[in-house]
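Colleague: Requesting a structural model of the entry that follows:
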Amino acid sequence: MKRQLFLIFLAGILSFAATETYAQNQDAPKNKFHYLYPVAMTSLDGGRFEILITTTEADIPITYKFDKYTGTVWELSNGFRPLKLIKYTREASPNDVVEEGKVNYQLVALSTSTIFLININSGEMWEKSTAEIFKKNTAFQIIKEQEPK
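Modeller: Numbering: from 1, shown residues only. This next block holds a predicted model:
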């Protein structure tokens with residue numbers, strides 16, 4: 001009899017550990033949005049150059065070298081040795097404001113194919129071009145601002 005009561009008591013205690021609880025004065029989170037993959041982004045602090053690696057479960061990770069002062073992006077070839085850095089081009093913009101010797105850009109990757117470059121001084125944004133599916137595009141195109149209707 002004591003053993004049965006002990007097992008019921010133990011099962012009751014363990015069931016509390018398996019459920020989420022919130023403090024009385026704290027509401028449960030309402031709308032959580034989760035990306036399919038972790039968002040990777042460069043830091044606004046630190047040195048001039050940074051490496052960014054995009055990772056997804058389905059694709060092969062892509063490694064980028066990034067110059068935070070000039071916004072220049074290189075992709076490290078995922079192929080045979082010797083490795084090569086492939087430089088990306090960027091569509092020119094009159095709003096591309098750069099301060100000499102400072103961090104001016106940030107690179108944000110939502111996936112291996114969705115990558116954004118932003119000028120943190122002016123807010124100008126570029127997206128990695130994905131115009132041709134089977135051709136390796138190494139360009140960033142400006143994201144145009146649309147006026148509200």
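
Colleague: Run through the helices of the chain in chain order.
Modeller: For the chain, applying DSSP state H gives helices covering 2-17.

Colleague: In it, where is pLDDT below threshold?
Modeller: Filtered on pLDDT under 70, the chain yields the residue ranges 1-2, 5-7, 9-37, 56-59, 130-136.

Colleague: That one: strands as residue ranges?
Modeller: When secondary structure is read from DSSP state E, the chain shows strands at 40-41, 49-54, 62-67, 73-76, 85-87, 89-90, 105-109, 115-119, 125-128, 139-142.

Colleague: what packs against the first one?
Modeller: This points to strand 40-41. Applying 3 or more C-beta pairs under 8 Å, 6 or more residues apart in numbering; DSSP states H and E, we find strand 40-41 packed against strand 49-54, strand 105-109. Backbone N, C-alpha and C define where each C-beta goes, glycine included.

Colleague: hang on, the earlier thing: nearest to residue 4, out of the strands of the chain?
Modeller: For residue 4, the closest of the strands of the chain is strand 40-41, at 53.6 Å, according to C-beta to C-beta.

Colleague: Give me the contacts around that closest one.
Modeller: Contact partners of strand 40-41, identified using C-beta atoms under 8 Å, 6 or more residues apart in numbering, comprise 52, 53, 54, 55, 106, 107, 108, 109.

Colleague: and those residues, which are buried?
Modeller: Using 16 or more other C-beta atoms under 10 Å as the burial test, the contacts of strand 40-41 include 52, 54, 106, 107, 109 as buried.

Colleague: Go through these and say which is closest to residue 149.
Modeller: Nearest to residue 149 among these is residue 106, at 30.2 Å by C-beta to C-beta.

Colleague: Can you lay out the contacts of strand 40-41 as TSV showing distance to residue 89?
Modeller: Formatted as TSV, the contacts of strand 40-41 follow (distance: C-beta to C-beta, whole Å):
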residue	distance to residue 89
52	18
53	22
54	19
55	25
106	19
107	15
108	19
109	18
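
Colleague: which outside residues touch stretch 72-91?
Modeller: Taking C-beta under 8 Å, 6+ apart as the rule, stretch 72-91 contacts 60, 62-67, 71, 107, 117, 126, 128, 136, 138-142.

Colleague: next one: stretch 141-149
Modeller: Residues outside stretch 141-149 that contact it (C-beta under 8 Å, 6+ apart): 91, 93, 116, 124, 125, 126, 127, 129.
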